[in-house]
Structures are given as C-alpha cells and as structure tokens.
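Visitor: with the input below, show me the fold.
(one chain, ligands or ions: 1)
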Amino acid sequence: MKKIVILGAGYAGMICAVNLQKRHMPFTLINKHSYHYFTTILHEPAGGRNDFDDYSVDITYLLDSPTSTFSKEEVVEIRPHDNKVVSKSGEILYDLLVVALGNAPEYFGIAGLAENSLLLRSLESAKTIRKHIEDQIKLYKEDHNPAHLKIVVGGAGLTGIELCGELSEWIPQLRSNYHILEEVDIINLEAAPMILPMLDAALQEQARDVLTKKGVQLRTSEKIVRVNPGEVELASGEKVEASTIIWTGGVRANPLVAAAGFTCDPRGRAKVNEYFQAEGFDNVFVLGDSACLLGADGKPYPPTAQLAQQMGEHCAKNITGLVLSDHPLKPFVFHYMGTLASLGSEVGVGNVKGIKTRGVPANLLKEASKAKYLFNLGGFRLLADKRGQFTR
Ligand SMILES: Cc1cc2nc3c(=O)[nH]c(=O)nc-3n(C[C@H](O)[C@H](O)[C@H](O)COP(=O)(O)OP(=O)(O)OC[C@H]3O[C@@H](n4cnc5c(N)ncnc54)[C@H](O)[C@@H]3O)c2cc1C
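Guide: Purely as a prediction, here's the structure:
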C-alpha cells in the first residue's frame, strides 16, 4: 500500500483526511496543533461572542479509525525530489503527499505593518485579539489615554467586515461592564473604493448601511502606507492613533510551498493542474490557500474555505481510486455556492447560488452553512457537541 501523508489539518487537509477515512484508506495527517479550528467564524470569539471551546475540535475525535494516523508536528521543510517531509522532530517519507498548509499574511510591503498589527488567522490569534481589546479598556480606566478607545481594522474583505460586525456588538457591552462613558471608535480602513468586493454593489451598500448604523466607521479608498506602534499612517498624510491595529488585508501561501521549489504564482501558491498536482511532481497534490488553481476564465480562484473543502473531498476520491484500482484521476470542477457575510450576531448579507439575501435570512443561511460544515466533518455527533456556537 502506498504511504499517503497529508500536511495541514485545516479546511482542505481535514476534509481530505475524513474522506479518506470514510473509504478505509490508511494515511498519516500531520498538523502543528492537536485540534482543527473553524477559521471562517473566528471573528465571533475574537469579537467577544461565545467560548473559544466552541470553535475547535480535537483531531483524534474526528479520526477514530485504526487506519487513520495523526501526528502533531510542525513541518519545517518539504523535499519533493526526495519524497520526504522534514518536521521539527524528524523526517517522514511518502509515496503520495497532500500539501494543505494554508496561508501566511500578505503585508504588501507596508512598512511596520507586520511588527505593529494583530492578525486573525488561528484560534490563538483570536484569543490574542479578544484579550488585547479588553486590556485596552482596562488600561483606559487607569490612564484615560484616548488611543486605548480606538480600534483600527485594516481590510474590508470578509474577515475585516465580519470582525467589525462582531466588535460593534461587543464593545457596548465592554463599555458598560467597565463603566466607560466615552465612545470607542471602530475604524475600518480599506484601500479599494468598496467593501466586500466579492459581492455586488447593492449588497455592498446594504452591508455599509448596517455597519454604519451600528457605529462602525467604514473608510474606503484609504491606503495605509506605514504602521508605527499605536499609529497608522495613510497615503493622505493623516495619522490615525489606535492602541489596537488588526490587519485582515490579504493572504499569500504558506512560505514552505515556495521554499520547496514548486513552481509558484506571485503570491507564493503552487501552480497546480485540474487534479491539484504540482508542476513536475505527479505524486504531490497541493490544496486550499497554498494552491494556485485556475478557473475557466484563466484567473486563479480566490482562497476560500468552500474551495479548500471541495478540493479536499475531490482529492480524497482521486487518491482512493488511484491507490485501490489504478483509476485515472478525475478533473476537478468547482461549484461556487455563494458568499455570506455576517454583520454581527443577527443579520448578514450575501448570495446563495446566485440569489441575493440580506438581514435576518442571510444570517440564518450563514448559521445553516456553519451547521452543514460541522455535519460534513463529524456528523450529528459533532453538530450536537458544538451546539454552543448556535445557542448563545
Ligand atoms: C476570520 C476569517 C473568516 C473567513 N471567512 C470565510 C468565509 O466566510 N467563507 C470562506 O469560504 N472562506 C473564509 N475565510 C477563508 C478560509 O478560512 C480559508 O480560505 C481556508 O481556511 C483555507 O483552508 P486551508 O485548508 O487551505 O488552510 P487552513 O484552513 O488555514 O489550514 C492550514 C492548516 O495547516 C496547519 N499548518 C500551517 N503550517 C504548518 C506547519 N508548518 N506544520 C504543521 N501544520 C501547519 C495550520 O495549523 C492549519 O491547521 C475566512 C478566513 C478568516 C481568517
């Protein structure tokens, strides 16, 4: 039997693993944490909603078959010419490799941004953001420095906008808990002229209206050119002082992908064919945010969890066919289901299969998509165990 190794237990890697397990295919999954976290909804706990426990699941809870092996290790190098992966604790040989190591932040060369901003990209980073914001409120009680009451979120894509929605509901609670009468500014800065660029203009406008009414300052066409400790400088020359600066403006591939020598696009993503094989390496499949997969229009698909999941499921089917029956690989076809953005805990905006939705129905559809993911991953058992996400 061929040795199958999967790197990364995010949306692509975990779904690939669960689907290989369903088919009784032996594999080893390697991930740097012992848990899988629900990245697409991390804005909820980062912005004060629910317990962090609701947003992750132990990998061994999902991989309970004797044919599935999980190894908690941090990968430091991929050597595709030697069919070898190097982790902090040793070397792992493979016959077939699935690379699903996700992304790294894209700072677009903005000076000081990496050093002086927080990121929302993992369970730990969500905890850091929540604690940092609460700490600023406590500090304000001591020194009355108004910068503690200013939060800048850079980027108005899904992550930035959904985070602003959560903050707009949590901050009033925090002010009341700590008896702060002064306003807390939530300022979203975006270089492009619009928010949520994946949605059409009418939906963008609806999202803008909702968030503005909730007190979020949405400033589009505002390019950040430098970030100093506690201060953001804009192209206009304006300087915005803020003790909390969160960057959500873009991602590139995990740097291990380019370091491995795969042919990459300018964002460091491995160029893959319709079977996800990396150029020149038929036994290496690159999935999710680490892959540059071209759509019918010749442009790379944007990095999303829905693409990562579909790639993971398809890859598991292809690998099973190849290993068990020497079946030829089947080409992947992406089914775009739509995009939903929450704007706090009650309303949202988006489209599902081409149909526009907003307000409470959009939020209910978002909740349904969360439930569907949990079901796909761990069936009714996981859905029941994570019901805290839905009941508070
Ligand atoms: C707040 C937020 C909201 C989002 N909302 C949406 C949404 O509504 N819809 C949508 O489609 N997309 C959304 N996205 C994007 C989506 O989360 C990503 O596209 C998706 O997670 C990519 O899946 P992936 O498997 O490629 O990578 P990931 O899910 O990031 O998984 C990568 C895995 O690799 C592991 N790893 C990384 N480096 C190493 C290493 N060196 N050694 C071992 N393990 C390693 C990580 O721990 C992680 O488990 C959102 C993202 C964020 C941050």
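
Visitor: for Leu97, name its beta-bridge partners.
Guide: Legend: beta-bridge partners of Leu97 under DSSP bridges are Val5, Val284.

Visitor: run a quick neighbour tally on it.
Guide: Leu97: 24 surrounding residues under other C-beta atoms under 10 Å. (Each C-beta comes from the backbone N, C-alpha and C, glycine too.)

Visitor: isn't Gly157 right up against Ala192?
Guide: No. Using C-beta atoms under 8 Å, Gly157 makes no contact with Ala192, being 9.3 Å away.

Visitor: more neighbours: which of the two?
Guide: Shown here are Gly157 and Ala192; by other C-beta under 10 Å, Gly157 has more neighbours (19 against 14).

Visitor: distance of the closest residue to Leu340 other than its chain neighbours relative to the ligand?
Guide: Counting by C-beta to C-beta, 6 or more residues apart in numbering, the nearest residue to Leu340 once its immediate chain neighbours are dropped is Gly350, at 3.6 Å. Per C-beta to the nearest ligand atom, to the nearest Å, Gly350 is found 9 Å from the ligand.

Visitor: dump the residue contacts of the residue of the stretch 251-392 of the chain found nearest the ligand.
Guide: Closest residue of the stretch 251-392 of the chain to the ligand, C-beta to the nearest ligand atom: Gly288 (2.1 Å). By C-beta atoms under 8 Å, 6 or more residues apart in numbering, the contact list for Gly288 reads 8, 10-13, 100, 102, 303, 307-308, 311-312.

Visitor: and the spatially closest residue to Met25 that is not a sequence neighbour, which helix or strand is it part of?
Guide: Counting by C-beta to C-beta, 6+ apart, Met25 lies nearest to Thr320, which is 5.4 Å off, once chain neighbours are set aside. Using DSSP states H and E, Thr320 maps to helix 305-325.

Visitor: against which helices or strands is that helix packed?
Guide: helix 11-22, strand 96-99, strand 281-286, helix 359-385 (3 or more C-beta pairs under 8 Å, 6 or more residues apart in numbering; DSSP states H and E).

Visitor: distance to Ala201 and mean pLDDT added to those, as CSV?
Guide: Putting the helices and strands packed on helix 305-325 into CSV (distance: least, C-beta to C-beta, whole Å; pLDDT from 0 to 100) gives the following:
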stretch, distance to Ala201, mean pLDDT
helix 11-22, 29, 98
strand 96-99, 37, 98
strand 281-286, 34, 98
helix 359-385, 17, 94
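
Visitor: mind putting those into CSV with distance to Phe262?
Guide: Listed next are the helices and strands packed on helix 305-325 as CSV, based on distance: least, C-beta to C-beta, whole Å:
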stretch, distance to Phe262
helix 11-22, 16
strand 96-99, 8
strand 281-286, 7
helix 359-385, 28
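
Visitor: which among the contacts of Gly288 gets closest to His335?
Guide: Distance to His335 across the contacts of Gly288 (C-beta to C-beta) is lowest for Leu307, with 9.8 Å.

Visitor: ok, that closest one touching Gly295?
Guide: No. Counting by C-beta under 8 Å, Leu307 sits too far from Gly295 to count as a contact (9.8 Å).

Visitor: could the helices and strands packed on helix 305-325 go into a markdown table alongside distance to the ligand?
Guide: Formatted as a markdown table, the helices and strands packed on helix 305-325 follow (distance: least, C-beta to the nearest ligand atom, whole Å):
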| stretch | distance to the ligand |
| --- | --- |
| helix 11-22 | 3 |
| strand 96-99 | 9 |
| strand 281-286 | 9 |
| helix 359-385 | 8 |
